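Q: Provide a 3D model corresponding to the input given below.
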Amino acid sequence: MFAVFEILFVVLSPSAIQWQSLFNLYLIFALIIMSIVFAWFVYVIIKYRHRPENSDPSDAPRLGLFPSERGNIKIALVIVILLGILFLGLTAETINAINLIQNVPNDPNSLHIKVIGKRFEWSFVYPNGTTTTKLIVPAGKVIVLEVTSVDVFHSFGIPALRLKADAIPGKINYLWFKVDQKGTYMIRCYELCGTGHAAMITDLVVV
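A: A predicted model of the protein is given here:
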């Protein structure tokens, strides 16, 4: 239960803030569009419902007859333009979020840590050669992760930070974060990698 609340409500790092803002933006627009569509749907159902005293309109669909042209091209054009502007805006914000994650900050004081996935555990190698099975980092410092694997494909993810990267043999993928709040946060594998996949869980410990 704690993990669920951690994923939903904890906003800890610049990446988490960016992704949460993007999610909220998508959610707001989705709710607005849904409200408009359902309100119009209910209005049309009530306004044009069948009444015994009313006959069908002249352009009502009839079996075997091709319906006459109906609709308003101007309204359709306005809707298409508005949706185009909306989707362009959402796309731009999505690209900004992706760029924030992929572009590692040029911070000379950042700490680079190698993340190695293997069946069925994570190993973390620090610049001084120390290897741990938990990711232990200082609060308030930029952490750069170099993610790879020594056997099969894995997927390294820290749900509380909204971070995820593929761990691929022979390839290094980079992630970065900075957490100001001390605590312990879950790390897990998000790609099915064998019978022990579900147990490929460890902790991020911010001290």
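Q: going forward, measure contacts and count neighbours with C-alpha atoms only.
A: Fine.
Q: surely I201 and Y190 touch.
A: No - at 9.9 Å, I201 does not count as touching Y190 under the criterion of C-alpha atoms under 8 Å.
Q: and T132, what does it touch?
A: For T132, the contact set (C-alpha atoms under 8 Å, 6 or more residues apart in numbering) comprises S123, F124, V125.
Q: who wins for neighbours among those residues?
A: F124 (20 neighbours; other C-alpha atoms under 10 Å).
Q: next SSE downstream of the worst-scoring helix or strand of the chain on mean pLDDT?
A: Here the helix or strand of the chain ranked lowest by mean pLDDT, DSSP states H and E is helix 2-9, holding a mean of 41. Next along the chain after helix 2-9, taking DSSP states H and E as the criterion, comes helix 14-47.
Q: in the helix or strand following that following helix, which residues are buried?
A: The first helix or strand that comes after helix 14-47 along the chain, using DSSP H and E, is helix 73-102. Neighbour-count burial for helix 73-102 flags L90, E93, T94, A97, L100, I101 (criterion: 16 or more other C-alpha atoms under 10 Å).
Q: tell me what helix 73-102 is packed against?
A: Counting contacts by 3 or more C-alpha pairs under 8 Å, 6 or more residues apart in numbering; DSSP states H and E, helix 73-102 is packed against helix 14-47, strand 173-177.
Q: can you give me the end-to-end span of stretch 173-185?
A: Taking C-alpha to C-alpha, to the nearest Å, the first and last residues of stretch 173-185 lie 21 Å apart.
Q: the domain parsing of the chain - what is it?
A: According to automatic domain parsing, the chain comprises the domains 10-102, 111-206.
Q: winner for burial among those domains?
A: domain 111-206 (a mean of 18; mean count of other C-alpha atoms under 10 Å).
Q: what mean pLDDT does it get?
A: The average pLDDT for domain 111-206 rounds to 94.
Q: would you mind measuring the gap between the ends of it?
A: 13 Å.
Q: likewise stretch 185-202?
A: 9 Å.
Q: contacts for that stretch, please.
A: 3, 119-122, 133-134, 152-160, 203-205.
Q: just how off-centre is that stretch within its chain?
A: Relative to its chain's centre, stretch 185-202 lies at 19 Å (C-alpha atoms, centre = their mean, to the nearest Å).
Q: how far away is N128 from I113?
A: 10 Å.
Q: need the contact list for K74.
A: By C-alpha under 8 Å, 6+ apart, no residues touch K74.
Q: picking that back up, need the helices and strands packed on helix 73-102 in JSON lines (columns: distance to R62).
A: Listed next are the helices and strands packed on helix 73-102 as JSON lines, based on distance: least, C-alpha to C-alpha, whole Å:
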{"stretch": "helix 14-47", "distance to R62": "20"}
{"stretch": "strand 173-177", "distance to R62": "60"}
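Q: ok, of these, where does mean pLDDT dip lowest?
A: Taking the mean pLDDT of the helices and strands packed on helix 73-102, helix 14-47 comes last: a mean of 89.
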